[in-house]
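Asker: I'd like to go over a predicted model; first the sequence, then the structure.
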Amino acid sequence: MNFQDHFHVSNLIRNHISKGSPKQALLLYESIRRKGVFFPGWIPLLLKACACVPSLVLGNLLHSESIKFGVHSDVMVRTSLINMYSKCGRIVSARKVFDEMPERNIPTWNAMIGGYMGNDDTVSATRLFGEIMGSGNTVTWIEMIKGYGKRNETDKARDLFEMMPLELKNVKAWAVILGGYVSNREMEAARMFFEDIPEKNSFVWSLMISGCFKVGNVDEARSVFNRVKVRDLVIWNSLITGYAKNGYCDEAIDAFYKMQGEGFEADAVTVSSVLSACAQSGRLDVGREVHSLIQFKGIELNDFVSNALIDMYAKCGDLESAMFVFESLNLRSVACWNSMISCLAIHGKGREALEMFRTMDTKPDEITFLAALTACVHGGFLVEGLKIFLEMKTKDVEPNVKHFGCLIHLLGLSGKLKEAYGLVREMPVKPNDTVLGALLGACKVHMDTEMAEQVMKIIETAGSVTNGDSENHLVLISNLYAHAERWQTSETFRVEMEKRGLHKSTGLSSLVLT
């Protein structure tokens, strides 16, 4: 490869990273490397991709490559190594690289300070910050401020910001403080700080809009958006994404069309958000239109876009298209596998869902296991469900109440009420009303009034009868006694309901686990 080819590959790697597809950048490198081609100038970019994934294995390999090709002493390479090791949680390795550097520049110090803050070592970060503070730049201060924000210590972040030299306080520094308030849902402080920002760029406006949406204040978010005199794609994306996340699907779709009407072209963030709105509202027509736009504009199918497409087709009932998108992907994230398995399970294709679960080429997470267990519940596959639940331990995935709920529901449907009751008593997490309701429902199906009484004792002890699901439980057990023709006991529960001011709600005849 000549210099021009090396330059072209560098641009490809950089583009993949900027578009949110660092895995594609690493796959590109691996395919080129297998051909025996290597260019040391790629190392900093590839290390950045490793930090984004994160991938410690490939990061270590690139570290070895840098030594092999004699570029290990380069300041940019070592700074990239510090960043990679920090993002992979190997802060000791990062510090070793830092200490062994014959020369350091400001970005090197910033990477090490940011690494410490990102790994919750504020003592070491503060010590380094003190050494470089006099000659540091805006980024040096931002790394400290941003770190405090991520630790929910916005007061410390603000104090440090007030100490910051005036000449270093650019719009990015102001945005970091605002971002800290927003991420910690401190919107009152965010509002006051926002109004004080002397120069508001699109990122600042976008932060404020997103913050309002984050706490569910849709009207205020819309009001902030309407204040923006010159809008760009970032600001439109904040509006569309916020609408979609808050369930304002029609508004998200309308904003999408208005954005295009003003001459802005959608990017990966835009289409992912609109597809989410389509999935929630069942707008298959718009979803297909967005898919065509993705193909026409050549928008990269990164993890977010591909998963949004699969999820949209799945929730709109078009399994064939969902599978087509899934099978067309060169690289499938765990989120894509989860969407596809859930889709098959929800649409009654339990066997197919489990087959897909067994053919996964990436490590499953807690959502994957929940999807697989849901498939077992819908299909009544008790043995397979038990097997999958036990596999969670071998995959280092901690089961939560939803996983236990699926297993309890599965045991209950299979008539194994004693085992289900035993699991409720022994599970390490507190059973919620959905779990207990599922067990009560199984008691009704199998006409087991004695077990139902035991479940009600758990509900009473846990204080669950004081919340909104209590009437469902009492109605359920009252009906159970009525079906068993134990009329007096049934009436006792009806009287108890009246004493507590509870009334039977209409249309509540099913229990949903997820």
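Answerer: Now that the structure is in, tell me what you want to look at.
Asker: give me the mean pLDDT for stretch 166-180.
Answerer: Taken as a whole, stretch 166-180 has an average pLDDT of 96.
Asker: for it, list the C-alpha coordinates in PDB.
Answerer: Backbone C-alpha positions of stretch 166-180 (Å, rounded to 0.1, in the frame of the first residue of the first chain) are rendered in PDB as follows:
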ATOM      1  CA  LEU A 166     -11.600  33.600  32.800                       C
ATOM      2  CA  GLU A 167      -9.600  33.200  29.600                       C
ATOM      3  CA  LEU A 168     -10.100  29.500  29.700                       C
ATOM      4  CA  LYS A 169     -13.900  29.600  30.200                       C
ATOM      5  CA  ASN A 170     -15.000  28.900  26.600                       C
ATOM      6  CA  VAL A 171     -18.500  27.700  25.600                       C
ATOM      7  CA  LYS A 172     -17.400  24.100  26.000                       C
ATOM      8  CA  ALA A 173     -16.500  24.600  29.700                       C
ATOM      9  CA  TRP A 174     -19.900  26.200  30.300                       C
ATOM     10  CA  ALA A 175     -21.500  23.300  28.500                       C
ATOM     11  CA  VAL A 176     -19.800  20.700  30.700                       C
ATOM     12  CA  ILE A 177     -21.300  22.300  33.900                       C
ATOM     13  CA  LEU A 178     -24.700  22.400  32.200                       C
ATOM     14  CA  GLY A 179     -24.300  18.800  31.200                       C
ATOM     15  CA  GLY A 180     -23.500  17.800  34.800                       C
END
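Asker: list the buried ones in that stretch?
Answerer: By neighbour count, with 16 or more other CB atoms under 10 Å as the criterion, the buried positions of stretch 166-180 are Lys169, Ala173, Trp174, Ala175, Val176, Ile177, Leu178, Gly179, Gly180. C-beta here means a position set from N, CA and C on the backbone, and glycine is covered the same way.
Asker: what's the spacing between it and its chain's center?
Answerer: Between the mean C-alpha location of stretch 166-180 and the chain-wide mean there is a distance of 26 Å, by CA atoms, centre = their mean, to the nearest Å.
Asker: check stretch 211-222 too.
Answerer: On the basis of CA atoms, centre = their mean, the separation between the geometric centre of stretch 211-222 and that of its chain is 20 Å.
Asker: so which residues of the stretch 351-500 of the chain form helices?
Answerer: Assigned by DSSP state H, counting those that start in this stretch, the stretch 351-500 of the chain shows helices spanning 366-379, 382-394, 401-413, 417-426, 433-445, 449-462, 470-483, 487-499.
Asker: and Asp318, what does it touch?
Answerer: When contacts are counted by CB atoms under 8 Å, 6 or more residues apart in numbering, Asp318 is found next to Leu284.
Asker: ok, it to Val325 distance?
Answerer: 10 Å (CB to CB, to the nearest Å).
Asker: ok, Ser124 next?
Answerer: Counting by CB to CB, the gap between Ser124 and Val325 amounts to 46 Å.
Asker: of these two, who's got more company?
Answerer: Under the neighbour definition other CB atoms under 10 Å, Ser124 and Val325 were set side by side, and Val325 has more, 24 against 16.
Asker: separation between that one and Asn307?
Answerer: Distance check for Val325 against Asn307: by CB to CB, it reads 10 Å.
Asker: what's next to the helix or strand harbouring Ile17, contact-wise?
Answerer: Under the criterion of DSSP states H and E, Ile17 resides in helix 3-18. By CB under 8 Å, 6+ apart, the residues outside helix 3-18 that reach it are 1, 22, 24-25, 28-29, 32, 39, 41-42, 45-46, 48-49, 52, 300.
Asker: nearest residue to Leu26 in space, ignoring adjacent ones along the chain?
Answerer: Closest residue in space to Leu26, ignoring its immediate chain neighbours: Ala49 at 5.3 Å, by CB to CB, 6 or more residues apart in numbering.
Asker: wait, the one you found touches Leu27, no?
Answerer: No. The pair Ala49 / Leu27 is not scored as a contact, 9.8 Å apart, by CB atoms under 8 Å.
Asker: compare these two and say which one has the larger neighbour count.
Answerer: When neighbours are counted by other CB under 10 Å, Ala49 and Leu27 differ, and Ala49 comes out ahead with 28 against 15.
Asker: host element of that one?
Answerer: Under the assignment given by DSSP H and E, the secondary-structure element containing Ala49 is helix 43-52.
Asker: any idea of the mean pLDDT for that helix?
Answerer: Per-residue pLDDT values across helix 43-52 average out to 95.
Asker: so what does that helix touch, helix or strand wise?
Answerer: In terms of contacts (3 or more CB pairs under 8 Å, 6 or more residues apart in numbering; DSSP states H and E), helix 43-52 is packed against helix 3-18, helix 22-33, helix 56-68, helix 75-87.
Asker: what's the most buried one of those?
Answerer: Comparing these on average neighbours per residue, with mean count of other CB atoms under 10 Å, the densest one is helix 75-87 at a mean of 25.
Asker: what angle sits between it and helix 43-52?
Answerer: Put simply, helix 75-87 runs at 10 degrees to helix 43-52, going by axes from the mean of the first three to the mean of the last three CA atoms, to 10 degrees.
Asker: next SSE downstream of helix 75-87?
Answerer: In the C-terminal direction from helix 75-87 (assignment by DSSP H and E), the next one is helix 91-99.
Asker: give me the angle between that next one and helix 75-87.
Answerer: For helix 91-99 against helix 75-87, the angle between stretch directions is 160 degrees (the same axes, to 10 degrees).
Asker: can you tell me how far Phe193 is from Ile177?
Answerer: Going from Phe193 to Ile177 by CB to CB gives 6 Å.
Asker: next one: Phe39
Answerer: 40 Å.
Asker: restricting to C-alpha, output stretch 324-343 in PDB.
Answerer: What follows is stretch 324-343 as a C-alpha-only set of coordinates in PDB (Å, rounded to 0.1, in the frame of the first residue of the first chain):
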ATOM      1  CA  PHE A 324     -34.100  -9.600   6.600                       C
ATOM      2  CA  VAL A 325     -32.400  -6.600   8.300                       C
ATOM      3  CA  PHE A 326     -30.900  -8.900  11.000                       C
ATOM      4  CA  GLU A 327     -29.500 -11.300   8.500                       C
ATOM      5  CA  SER A 328     -28.000  -8.600   6.300                       C
ATOM      6  CA  LEU A 329     -25.800  -7.200   9.100                       C
ATOM      7  CA  ASN A 330     -22.100  -8.000   9.000                       C
ATOM      8  CA  LEU A 331     -21.700  -7.300  12.700                       C
ATOM      9  CA  ARG A 332     -24.600  -8.000  15.100                       C
ATOM     10  CA  SER A 333     -24.600  -6.300  18.500                       C
ATOM     11  CA  VAL A 334     -26.100  -7.900  21.500                       C
ATOM     12  CA  ALA A 335     -28.900  -5.400  21.200                       C
ATOM     13  CA  CYS A 336     -29.800  -6.600  17.700                       C
ATOM     14  CA  TRP A 337     -29.900 -10.200  19.000                       C
ATOM     15  CA  ASN A 338     -32.100  -9.100  21.900                       C
ATOM     16  CA  SER A 339     -34.500  -7.400  19.600                       C
ATOM     17  CA  MET A 340     -34.800 -10.300  17.300                       C
ATOM     18  CA  ILE A 341     -35.200 -12.900  20.100                       C
ATOM     19  CA  SER A 342     -37.800 -10.800  21.900                       C
ATOM     20  CA  CYS A 343     -39.600 -10.200  18.600                       C
END
